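Asker: show me the folded form of this:
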Amino acid sequence: MNNNSFHLNSFREYGFTIFPKLNSEWVEKWRTICLNKYLDKVSNSPAVSDILKSRVVLRDLLSEFFDLFFPSLIQGKMLDFLEVLMGPFVGFDSLQAAITPTATKGEKKDVRDWHRDMWGISGWSDFYFPPNAVNVLTYLQTGTEYGALKLIPGSHCGQHYAEPSDTRTDEMTIQMQAGDVIVIHSSLLHSTSGNFSENERIFVSYFYTKCWLPKRENYNDKQIRSVINNAFSSGDRRVARLFKPDSELLVKRAAGAQGKYSEKELWSQWINEERLEREKGTIICQ
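Answerer: Take a look at the predicted model:
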């Protein structure tokens, strides 16, 4: 079984899969940037005491620190796997970092906040459906004192519901290490937990969607336009598609998808066609 087959089987059955240490080379740099942004936000807030007690989400990191975050966004190992999950239709929605401060004294250690991510589909069928979106999370610290990710395995399929504060007998606790990457189906129920370390807990979220879905962030700046142009000129359609759907090809593929081939077979064919384009360095399929 190849590596993508292992991760796909895990993802289909449980709704998530883990790539140990995939982003370890960026942990220290990302953590420094995020902490500096966090402290700046705290110092410039009129309600410092409130911010220090709650989680802070940092946005627009890609546009501000492009060279630091872009390499991970387009790394081949992850894009290869995302295409297995969603077909050659992978788009990029947003990059965020979530910072959870140290819990205040007396705060419950058994914290729950069950939720699904954007574009999740739940309760329609007991069967597995390929995701409309996945959340790719990288944790920037190691230690049980920072808390753990909670998941309800299999809740991306069938009728699974939970109130935010429910205690579940079927929940799973995932202890992530610094640099570990977890890929979560947007329909999977998952939860936060308390941070009882002496430092801030940080994770970085790359949120990928089907490329035709609307994006929460604007990628029309000079750097991204350059990425799109360079990708097309070098035959790398999938990098360009992260930010700009190649609509004509998508329509052509959708219109021609009827016939004797399954969608799985068509995905494989299209993915191979685009891999050959990248190897040749020019766009062939129109």
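
Asker: where along the stretch 51-200 of the chain do the helices fall?
Answerer: Ranges of helices within the stretch 51-200 of the chain are 61-64, 66-73, 76-86, based on DSSP state H, counting those that start in this stretch.

Asker: tell me the buried residues in the last one?
Answerer: Within helix 76-86, the residues that count as buried by 16 or more other Cβ atoms under 10 Å are 78-79, 81-86. (Each C-beta comes from the backbone N, C-alpha and C, glycine too.)

Asker: same thing with the shortest one?
Answerer: Buried residues in helix 61-64, counted by 16+ other Cβ under 10 Å: 61-63.

Asker: now do stretch 15-27
Answerer: Along stretch 15-27, these residues count as buried under the neighbour rule (16+ other Cβ under 10 Å): 15-19, 22-23, 26-27.

Asker: sorry, back to before: any chance of CSV for the helices of the stretch 51-200 of the chain, columns mean pLDDT and distance to Leu140?
Answerer: Formatted as CSV, the helices of the stretch 51-200 of the chain follow (pLDDT from 0 to 100; distance: least, Cβ to Cβ, whole Å):
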stretch, mean pLDDT, distance to Leu140
helix 61-64, 93, 13
helix 66-73, 96, 12
helix 76-86, 97, 17
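
Asker: and the ones you listed as a markdown table, adding distance to Arg237?
Answerer: Conversion of those to a markdown table gives the following (distance: least, Cβ to Cβ, whole Å):
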| stretch | distance to Arg237 |
| --- | --- |
| helix 61-64 | 20 |
| helix 66-73 | 16 |
| helix 76-86 | 11 |
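
Asker: closest to Ser226 out of those helices?
Answerer: For those, proximity to Ser226 was assessed by Cβ to Cβ; helix 66-73 is nearest, at 10.1 Å.

Asker: pull the closest one out as CSV, backbone CA atoms only.
Answerer: Written as CSV, here are the backbone C-alpha positions of helix 66-73 (Å, rounded to 0.1, in the frame of the first residue of the first chain):
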residue,chain,number,x,y,z
PHE,A,66,4.3,35.4,1.6
ASP,A,67,7.8,33.9,1.5
LEU,A,68,7.3,32.3,4.9
PHE,A,69,3.9,30.6,4.4
PHE,A,70,3.7,30.0,0.6
PRO,A,71,6.1,27.1,0.4
SER,A,72,4.0,24.9,2.7
LEU,A,73,0.8,25.9,0.9
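
Asker: what is that helix packed up against?
Answerer: Contact here means 3 or more Cβ pairs under 8 Å, 6 or more residues apart in numbering; DSSP states H and E; on that basis helix 66-73 packs against helix 27-43, helix 61-64, strand 90-100, strand 201-210.

Asker: picking up where we left off before, which single one of the buried residues of helix 61-64 is nearest to Gln175?
Answerer: Within these, the smallest distance to Gln175 is 25.4 Å, found for Leu61 (Cβ to Cβ).

Asker: can you tell me the closest non-neighbouring residue to that closest one?
Answerer: In space, not counting the residues next to it along the chain, Leu61 is nearest to Leu95; the distance is 5.2 Å by Cβ to Cβ, 6 or more residues apart in numbering.

Asker: shouldn't the one you found be in contact with Leu62?
Answerer: Yes: applying Cβ atoms under 8 Å as the test, Leu95 and Leu62 come out as touching, 4.6 Å apart.

Asker: ok, back up a step: mind listing which of the buried residues of stretch 15-27 are in strands?
Answerer: Secondary structure defined by DSSP state E assigns 16-19 of those to strands.

Asker: can you give me the pLDDT of the residue lying closest to Gly87 once chain neighbours are set aside?
Answerer: In this structure, Gly87 finds its nearest non-sequential neighbour in Trp267, 4.3 Å apart by Cβ to Cβ, 6+ apart. The model reports Trp267 with a pLDDT of 92.

Asker: and for Gln286?
Answerer: On pLDDT, Gln286 comes in at 57.

Asker: repeat for Asn220
Answerer: What the model reports for Asn220 is a pLDDT of 86.

Asker: so where does it fall, helix or strand?
Answerer: Assigned by DSSP states H and E, Asn220 belongs to no helix or strand.

Asker: and it, how many neighbours?
Answerer: Counted by other Cβ atoms under 10 Å, the residues lying close to Asn220 total 10.
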